[in-house]
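Q: Structure for the following, please:
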Amino acid sequence: MASRRSACHNWRYSVGPRIFKIIEKNKLGSSQCIPRLAGEKLYQVSHIYGGEFVVDLRAKTCSCRRWNLCGIPCPHAISAIFQRCKNPITYVDECYKLETYMKAYEPVIHPIPSMNQ
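A: Predicted coordinates:
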């Protein structure tokens, strides 16, 4: 617990390094998507290799269901987020944020001197 607590002080972003790497990979995939505004914070995203997806930025959902299942914006969602000139990290689920991580590893587990105690 202590090592994880101290490791998060080295994070450069508001999400962990593994989550940041996934977002960067999805950013590359978003270049193959064409978002079209369908309503307020609602987009229809076309993939250049076929496929249509509905992205709702307010509900943080995509019809491909990747964003719904893991809480990390998929490439379709990131293309819609970029259309609004926003940062995809702000759309990541709260469970991956630094503040939540710090709360999870905040308690201190006190050592026990010997087995009989």
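Q: When you work out contacts or count neighbours from here on, use the C-alpha atoms and nothing else.
A: Noted.
Q: Give the residue spans of the chain that score low on pLDDT.
A: 117 (pLDDT under 70).
Q: Quick one: the strands in it, in order.
A: For the chain, the strands defined by DSSP state E cover 33-39, 42-47, 52-56, 61-62.
Q: Dump those to JSON lines, plus distance to Ile81.
A: Below are these laid out as JSON lines (distance: least, C-alpha to C-alpha, whole Å):
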{"stretch": "strand 33-39", "distance to Ile81": "9"}
{"stretch": "strand 42-47", "distance to Ile81": "10"}
{"stretch": "strand 52-56", "distance to Ile81": "10"}
{"stretch": "strand 61-62", "distance to Ile81": "12"}
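Q: Turn the ones you listed into JSON lines, columns for mean neighbour count and distance to Asn26.
A: Shown next, in JSON lines, are the strands of the chain (neighbours: other C-alpha atoms under 10 Å; distance: least, C-alpha to C-alpha, whole Å):
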{"stretch": "strand 33-39", "mean neighbour count": "17", "distance to Asn26": "11"}
{"stretch": "strand 42-47", "mean neighbour count": "21", "distance to Asn26": "13"}
{"stretch": "strand 52-56", "mean neighbour count": "21", "distance to Asn26": "15"}
{"stretch": "strand 61-62", "mean neighbour count": "22", "distance to Asn26": "14"}
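Q: who wins for proximity to Tyr13 among those?
A: strand 61-62 (23.1 Å; C-alpha to C-alpha).
Q: and for that closest one, what are the contacting residues?
A: 53-56, 67-68, 74, 76-77 (C-alpha atoms under 8 Å, 6 or more residues apart in numbering).
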